[in-house]
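Asks: Provide a 3D model corresponding to the input given below.
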Amino acid sequence: MSTPIKTGLCSYGHSGYAFHAPFLHVHPGFELTAVTERSKHLAQQRYPYVKIYPDVMSMINDPALELIIVNTPNYSHYEYTKAALLAGKHVVVEKPFTVNSAEGEELIELAKKQKKRIIVYQNRRYDSDYKIVRKVVEEGLIGDVLEVEFHYDRFKEELSYKKHKEAASPGTGVLYDLGSHLIDQALTIFGMPEAVFGDIRIIRKDSVVDDYFELLLYYPNLRVRLKSSYLVKEALPAYILHGRKGSFIKSKSDIQEALLMKGVLPDTPDWGAEAPAEWGLLHTEADGIIRKEFLPGGNGNYLDFYKGVYAAIREGKANPVTPEEGLNVVKVIEAGALSSKERRVVTL
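Replies: This next block holds a predicted model:
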């Protein structure tokens with residue numbers, strides 16, 4: 001393996017601790033070189049070899065770094081991604097790629113000019129539950145898909161302690177936060193829709209940001225409904241698919257985040273294995289034979305994302321998640337917001 005990719009992590013909060021640092025640590029193709037932390041220096045307690053910077057711009061301008069992970073608040077994705085590209089770095093930027101599509105288009109052009117990679121971090125493509133859903137569709141197990149519903153719900157009346165998540169500013173709210181995951185999953189399987197209808201609301205008592213949404217994506221012979229709410233006590237199945245041959249129903253069951261928050265490193269052979277109790281139900285009928293069984297979910301593994309990042313940067317292969325794909329997610333968010341505001345279907 002060639003020289004490890006020296007990497008700087010812009011934040012060591014929840015995402016830095018759970019979703020990025022552990023995988024950069026265990027993948028031999030990366031060196032977690034630097035982390036931005038203003039005061040606590042928690043990263044050094046777990047990774048003593050890292051260099052700590054007090055602010056993001058100082059780290060971005062470190063000439064030793066080759067890759068910058070932009071995992072800061074949504075509104076800052078454009079600023080820091082642009083700064084990293086101008087400093088000659090490759091960038092992994094968390095979802096949403098940017099707050100608006102104009103910013104995303106500018107960054108895509110800048111990356112081409114700088115001859116650097118922008119890779120959007122969409123880890124939920126590597127969840128065990130989503131992977132089996134995609135397999136069911138691609139293998140035609142329920143025939144032509146006619147109706148789909150994806151849920152990403154929580155039950156949390158109280159506001160987040162992270163002030164930037166609850167401020168009425170660009171890029172905040174559940175549509176940008178959890179919606180970015182659901183939209184990306186839908187687009188990855190079914191492509192861009194022809195039109196979008198959106199219903200976006202604020203339902204928690206003291207909230208000033210949206211915490212409920214429903215999007216309806218229109219395809220020629222398919223409807224995809226994406227829903228999220230912060231006030232769902234009894235969760236519905238996360239994935240409901242109906243096709244000409246049958247149905248597939250699946251819970252949200254990926255265990256990686258829970259393990260990572262406990263400090264478990266993602267370096268075991270059974271990493272991300274799904275419990276049999278969470279397997280999805282397939283119910284079909286073909287040639288007069290009824291098939292009703294639970295399908296193994298397999299393993300989720302966010303390390304596959306970073307394997308893709310390494311292959312893109314070191315081997316010149318395609319990005320695991322392209323900035324154009326990230327831009328499409330933003331375009332659907334914008335269409336959903338406009339639809340909700342004007343109470344009409346918005347054509348893309």
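Asks: could you check how far the closest residue to Gly308 other than its chain neighbours is from Lys331?
Replies: Among residues not flanking Gly308 along the chain, Pro320 sits closest, at 2.9 Å (CB to CB, 6 or more residues apart in numbering). For the C-beta atoms, the positions are set from N, CA and C on the backbone; glycine is no exception. For Pro320, the distance to Lys331 (CB to CB, to the nearest Å) stands at 20 Å.
Asks: and if you look at His90?
Replies: Here His90 is placed at a distance of 24 Å from Lys331 (CB to CB).
Asks: which one of these two has more residues nearby?
Replies: His90 (23 against 18; other CB atoms under 10 Å).
Asks: need the contact list for the more buried one.
Replies: Ile5, Glu66, Leu67, Ile68, Ala84, Lys116, Arg117, Ile118, Ile119, Ile313 (CB atoms under 8 Å, 6 or more residues apart in numbering).
Asks: would you agree the residue nearest to Gly308 is in contact with Leu303?
Replies: No - assessed by CB atoms under 8 Å, Pro320 is found out of contact with Leu303, at 11.4 Å.
Asks: who has more neighbours, the two?
Replies: For Pro320 versus Leu303, neighbours defined as other CB under 10 Å are more numerous around Pro320 (22 against 19).
Asks: can you pull the contacts of the more buried one?
Replies: Ile119, Asp304, Phe305, Gly308, Val309, Ala311, Ala312.
Asks: next secondary structure element downstream of the host helix or strand of the first one?
Replies: Take DSSP states H and E as the rule and Ile119 turns out to sit in strand 118-121. Moving toward the C-terminus from strand 118-121, the next helix or strand (DSSP H and E) is helix 128-138.
Asks: hmm, back to that, which one of the contacts of Pro320 has the most neighbours?
Replies: Neighbour counts for the contacts of Pro320 (other CB under 10 Å) peak at Val309, which has 27 neighbours.
Asks: any weak-confidence spans in the stretch 101-250 of the chain?
Replies: Along the stretch 101-250 of the chain, segments meeting pLDDT under 70 are nowhere present.
Asks: show me the helices in it, by range?
Replies: Per DSSP state H, counting those that start in this stretch, the stretch 101-250 of the chain carries helices over the ranges 101-114, 128-138, 163-166, 174-177, 179-190.
Asks: domain parsing for this structure?
Replies: What automatic domain parsing lists as the domains of the chain is 5-123+304-316, 124-301+332-347.
Asks: endpoints of the first one, how far apart?
Replies: For domain 5-123+304-316, the separation between the terminal residues is 14 Å (CA to CA, to the nearest Å).
Asks: if we can go back for a sec, which of the contacts of Pro320 fall in strands?
Replies: Ile119 (DSSP state E).
Asks: tell me the mean pLDDT over the biggest helix by length in the chain?
Replies: Determined from DSSP state H, the single longest helix within the chain is helix 323-342. The pLDDT scores in helix 323-342 average 98.
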